[in-house]
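J.: this one's sequence-less:
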Ligand SMILES: Nc1ncnc2c1ncn2[C@@H]1O[C@H](COP(=O)(O)OP(=O)(O)OP(=O)(O)O)[C@@H](O)[C@H]1O
Ligand SMILES: Cc1ncsc1CCO
Ligand SMILES: [Mg+2]
């Protein structure tokens, strides 16, 4: 992978500048996410240089979204209060012109969240991020994975991802061995990363938060999502090299997100 030509879509310098802008502005990211990954997600955002706020209570979520830099809506454990808060936050983010990310965890076989996710899909998310099976369900081209895990490959979801982007107006990101990011017209693959990310809960969920953190710092949401994935992959590679299993990987991953410089990102990212 290291010998692959860099993408013609975004240069290493554009990725570096995006990370530099994130670090310079400390975006305030409102997170409405599942109970499994809340703490890990907050730590990932802090390590990366953003400021997390887990404001997901009805009556507060809308007010918070109108002042946040970006919002993440993750459907991992969607209790009814949280669904009400998500509806509030999305309405307020849209009214304020604030970017928001939808992560439709485990849609397909799980009815409540599937119905809710299909409604959110049509409320102009800026980015939709999920694994291949989740993205295929939102594109109405698949029946879902096995619980929170994908049973489809990124390549098999590529056409669905592009169709979903064109239909929703969102940038669509599909995670896997190589991540695919598309706005329906332009498609970028982000290589690298580590399989260790799949052995720590929240590997995908926290990536959605990092996508949100990049939205307010660059104009083009496709560049924001690509920079987020490249940054995340670069940190995962560095962490995997220093660790001996999932436990130490999680610790080294936070350290790597914190330590990785814009120049490191420019030197490490492999796009195609
Ligand atoms: N085989 C692999 N090799 C390298 N990196 C991988 C591999 N599979 C997944 N990843 C990386 O792991 C991260 C999480 O992707 P994954 O597809 O597991 O998300 P997910 O299923 O949504 O996760 P979650 O369990 O948090 O919901 C992404 O950064 C992705 O690039
Ligand atoms: C394990 C799990 N179950 C519901 S959400 C979640 C976190 C990973 O998606
Ligand atoms: Mg997921």
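T.: Now that the structure is in, tell me what you want to look at. A quick note: this is a predicted structure, and the numbers were derived from the prediction, not measured. Ligands and ions are numbered 1, 2, ... in the order given.

J.: pLDDT at the residue of the chain found nearest ligand 2, what is it?
T.: Closest approach between the chain and ligand 2, counting by CB to the nearest ligand atom: residue 76, at 2.9 Å. (Each C-beta comes from the backbone N, C-alpha and C, glycine too.) If you check residue 76, the pLDDT there is 97.

J.: I'd like to know how many residues surround it.
T.: 21 (other CB atoms under 10 Å).

J.: and what of the one 4 residues further on?
T.: A count of neighbours around residue 80, defined by other CB under 10 Å, yields 9.

J.: ok so, going back, tell me who's in contact with the residue of the chain closest to ligand 2.
T.: Shown in contact with residue 76 (CB atoms under 8 Å, 6 or more residues apart in numbering): 33, 34, 35, 36, 37, 103, 105, 106, 148, 205.

J.: pLDDT below threshold where in this protein?
T.: For the chain, the stretches flagged by pLDDT under 70 are 1-8.

J.: ok, 50 please
T.: The model of the chain has pLDDT under 50 over residues 1-3.

J.: report the longest helix in it, please.
T.: helix 221-242 (DSSP state H).

J.: Tell me the buried residues in that one?
T.: 221-240 (16 or more other CB atoms under 10 Å).

J.: Pull the residues that contact the helix or strand following it.
T.: Per DSSP states H and E, the first helix or strand lying C-terminal to helix 221-242 is helix 246-259. For helix 246-259, contacts defined as CB under 8 Å, 6+ apart pick out 40, 43-44, 47-49, 194, 196-197, 199-200, 231-232, 234-236, 238-240, 242-243.

J.: continuing past helix 246-259, what's the next helix or strand?
T.: The first helix or strand that comes after helix 246-259 along the chain, using DSSP H and E, is helix 262-268.

J.: Which parts of that following helix count as buried, going by neighbours?
T.: 262, 264, 265, 266, 268.

J.: Name all residues that make contact with residue 126.
T.: 99, 100, 101, 170, 171, 215, 221.

J.: How about residue 145?
T.: Residues in contact with residue 145 (CB under 8 Å, 6+ apart) are 106, 108, 131, 132, 133, 134, 151, 152.

J.: Ok, residue 64 next?
T.: Taking CB under 8 Å, 6+ apart as the test, what residue 64 contacts is 30, 53, 55, 89, 92.

J.: okay but the fourth one is in contact with residue 62, surely?
T.: Yes. In this structure, residue 89 is within contact of residue 62 by CB atoms under 8 Å, at 6.1 Å.

J.: Neighbour count: those two, which is higher?
T.: Taking neighbours as other CB under 10 Å, residue 89 and residue 62 compare with residue 89 leading, 30 against 19.

J.: The residue of the stretch 1-150 of the chain found nearest ligand 3: which element?
T.: At 4.6 Å from ligand 3, residue 105 is the closest residue in the stretch 1-150 of the chain, using CB to the ion. Per DSSP H and E: residue 105 is located in neither a helix nor a strand.

J.: got a list of what it touches?
T.: Contacts for residue 105 (CB under 8 Å, 6+ apart) come out as 34, 74, 75, 76, 113, 130, 134, 148, 204, 205.

J.: quick one: contacts for the residue lying closest to residue 141 once chain neighbours are set aside?
T.: Distance criterion CB to CB, 6 or more residues apart in numbering; nearest residue to residue 141, sequence neighbours excluded, is residue 160 at 4.1 Å. Counting by CB under 8 Å, 6+ apart, residue 160 touches 135, 136, 139, 141, 142.

J.: give me every residue that touches residue 159.
T.: Contacts of residue 159 (CB under 8 Å, 6+ apart): residue 141.

J.: Output the set of residues of the stretch 101-250 of the chain in proximity to ligand 2.
T.: The stretch 101-250 of the chain comes close to ligand 2 at residues 105, 148, 201, 202, 205, as judged by CB under 6 Å from any ligand atom.
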